[in-house]
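> structure for this input, please:
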Amino acid sequence: MKIVLFGCNGQVGWELQRSLALLGEVTALDFDSTDFHADFSRPAALAATVRTLRPDVIVNAAAHTAVDKAESEPELTATINAEAPRVLASEAAALGAWLVHYSSDYVFDGNGNTARDEGAVTGPLSVYGRTKLDGENHIRASACKHLILRTGWVHAARGDNFAHTMLKLAAERDVLSVIADQIGAPTGADLLADISAHVIRALEREPQLGGTYHAVAAGKTNWFDYARFVIAWARKHGLPVKVAADAIKAVPTSAYPTPAPRPLNSQLATDKLRRTFALTLPQWQAGVERMLTEAYSQ
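Next comes the predicted model:
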């Protein structure tokens with residue numbers, strides 16, 4: 001199996017290099033690759049890369065993920081998150097290749113308090129969310145063989161994420177205020193990569209199983225409790241923690257206005273993924289502990 005991986009140096013892309021290697025020959029590319037064009041801000045040139053490499057599977061882990069910055073650069077965000085996937089889908093359809101693409105809980109409006117399934121009505125609140133939804137729709141419209149995995153609250157030992165930010169602030173400040181009214185499931189990039197490899201192998205045997213799936217860790221939390229979990233782990237393992245446990249304060253989203261509105265309810269139902277591919281998804285705490293151990297244990 002020949003696989004082209006775009007966005008190989010991001011959190012998910014880095015883990016995909018490991019998991020996809022078990023399936024076949026992987027050509028791993030990022031925006032600054034020199035051998036082949038992989039800059040998603042110039043999507044037309046991506047077609048030449050795909051036509052040259054002629055992969056069996058195209059895996060797109062590249063995206064414009066700076067949610068607030070996207071509000072001030074909607075055209076660039078649309079190019080990267082919607083137009084580039086459209087080009088990849090067109091090329092995948094022409095080759096008869098699979099396209100694996102990662103989308104987001106931001107395609108929903110975040111109302112309610114229950115987990116949404118794949119058939120739920122979408123309603124993105126931000127430029128980022130709208131462009132991710134447009135990317136999904138372009139892929140479906142192309143009629144290429146595809147797997148779209150919606151996820152959220154992604155973390156990894158590599159790169160920036162909420163847990164790393166909380167530990168940095170906890171070592172510097174006496175008091176922390178953390179949003180408590182946004183709900184989701186912290187999900188490891190390693191988990192997403194392993195799910196991807198498992199599903200790609202299954203799709204080889206049963207291509208009719210392609211489509212859109214939700215992929216997040218089990219359980220749910222909010223940013224406030226997530227922060228307390230991470231800081232408690234750090235304290236237990238001897239990392240520098242200045243803030244006291246009772247000095248971590250819960251605040252509403254309205255306390256931190258941002259250019260891009262956040263969905264309050266980011267819960268994604270994973271029944272379809274688990275049932276279709278016989279998967280057991282670990283609780284979010286296990287993935288966060290593994291990530292913290294990898295990042296901070298000597």
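> C-alpha from now on. contacts and neighbour counts both.
Fine.
> tell me where this structure has strands.
Ranges of strands within the chain are 2-6, 25-29, 57-60, 98-104, 145-151, 154-155, 176-179, 183-184, 187-188, 211-214, 221-222, 248-251, based on DSSP state E.
> now distance to residue 197 too, for those, in JSON lines please.
Supplementary listing: the strands of the chain in JSON lines, determined by distance: least, Cα to Cα, whole Å:
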{"stretch": "strand 2-6", "distance to residue 197": "11"}
{"stretch": "strand 25-29", "distance to residue 197": "12"}
{"stretch": "strand 57-60", "distance to residue 197": "10"}
{"stretch": "strand 98-104", "distance to residue 197": "10"}
{"stretch": "strand 145-151", "distance to residue 197": "11"}
{"stretch": "strand 154-155", "distance to residue 197": "17"}
{"stretch": "strand 176-179", "distance to residue 197": "34"}
{"stretch": "strand 183-184", "distance to residue 197": "24"}
{"stretch": "strand 187-188", "distance to residue 197": "15"}
{"stretch": "strand 211-214", "distance to residue 197": "14"}
{"stretch": "strand 221-222", "distance to residue 197": "27"}
{"stretch": "strand 248-251", "distance to residue 197": "38"}
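> so where's the stretch 51-200 of the chain uncertain?
Filtered on pLDDT under 70, the stretch 51-200 of the chain yields no residues whatsoever.
> show me where it has its helices.
Using DSSP state H, counting those that start in this stretch, the helices found in the stretch 51-200 of the chain span residues 67-70, 74-78, 84-95, 127-142, 162-172, 189-205.
> pull the number of nearby residues for the residue lying closest to residue 122 once chain neighbours are set aside.
Nearest non-adjacent residue to residue 122, counting by Cα to Cα, 6 or more residues apart in numbering: residue 108, 4.6 Å away. Neighbour count of residue 108, defined by other Cα atoms under 10 Å: 25.
> before we move on, what about residue 194?
The local packing of residue 194 (other Cα under 10 Å) involves 17 other residues.
> which of the helices of the stretch 51-200 of the chain sits closest to residue 11?
For residue 11, the closest of the helices of the stretch 51-200 of the chain is helix 189-205, at 6.0 Å, according to Cα to Cα.
> who does the closest residue to residue 255 other than its chain neighbours form a beta bridge with?
For residue 255, ignoring the flanking residues on the chain, the nearest one in space by Cα to Cα, 6+ apart is residue 179 at 7.9 Å. Beta bridges link residue 179 to residue 251 when assigned by DSSP bridges.
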